[in-house]
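J.: Curious how this folds, go ahead:
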Amino acid sequence: MADIPPNLDWVRAAPEDAEGPGPWIEIAFGEGDDGEAPVYIRETNDPDNVVTTNRRKWDAFVLGVQAGEFDHFVEGVEDAEDITSPPRAPS
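T.: Now for the predicted structure:
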């Protein structure tokens with residue numbers, strides 16, 4: 001396993017008003033600004049298990065999510081709208 005820098009700035013992918021421990025996905029960007037710069041991904045409930053990719057692949061993934069290329073993964077999933085939509089205010 002690659003060495004993970006100890007001083008990474010982890011950003012949690014959770015709604016701003018989310019409460020509790022998650023689990024949530026966290027992303028950290030390593031040094032460098034080119035396509036090969038490292039990107040680190042982990043879950044809050046297992047922070048020692050870190051997946052590493054690079055900025056070029058991460059950017060392609062994010063663009064694919066924005067374009068709906070992965071929507072089929074939640075088709076038929078119960079409460080998929082709750083997973084993919086921002087939380088609603090209580091009524």
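J.: quick one: the spatially closest residue to Ile41 that is not a sequence neighbour from Val39, how far?
T.: Nearest residue to Ile41 in three dimensions, chain neighbours excluded: Val51, at 4.6 Å (CB to CB, 6 or more residues apart in numbering). Placement of C-beta: from N, CA and C, glycine included. Val51 sits 9 Å away from Val39, going by CB to CB, to the nearest Å.
J.: And those two? Which one has more around it.
T.: Val39 (18 against 10; other CB atoms under 10 Å).
J.: what about Gly35, how many residues close to it?
T.: Gly35 has 12 neighbouring residues, counting by other CB under 10 Å.
J.: Lys57 sits in which helix or strand?
T.: Assessed by DSSP states H and E, Lys57 sits inside helix 55-66.
J.: the strands in the chain, which residues?
T.: If DSSP state E is used as the criterion, the strands of the chain fall at 11-13, 25-29, 38-43, 46-54.
J.: Please dump those strands into a markdown table; it should also carry mean pLDDT and distance to Phe61 for every row.
T.: As requested, these are exported to a markdown table (pLDDT from 0 to 100; distance: least, CB to CB, whole Å):
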| stretch | mean pLDDT | distance to Phe61 |
| --- | --- | --- |
| strand 11-13 | 91 | 12 |
| strand 25-29 | 96 | 11 |
| strand 38-43 | 96 | 9 |
| strand 46-54 | 95 | 8 |
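J.: now the ones you listed as JSON lines including distance to Gly68?
T.: JSON lines is the format used below for these (distance: least, CB to CB, whole Å):
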{"stretch": "strand 11-13", "distance to Gly68": "18"}
{"stretch": "strand 25-29", "distance to Gly68": "19"}
{"stretch": "strand 38-43", "distance to Gly68": "21"}
{"stretch": "strand 46-54", "distance to Gly68": "21"}
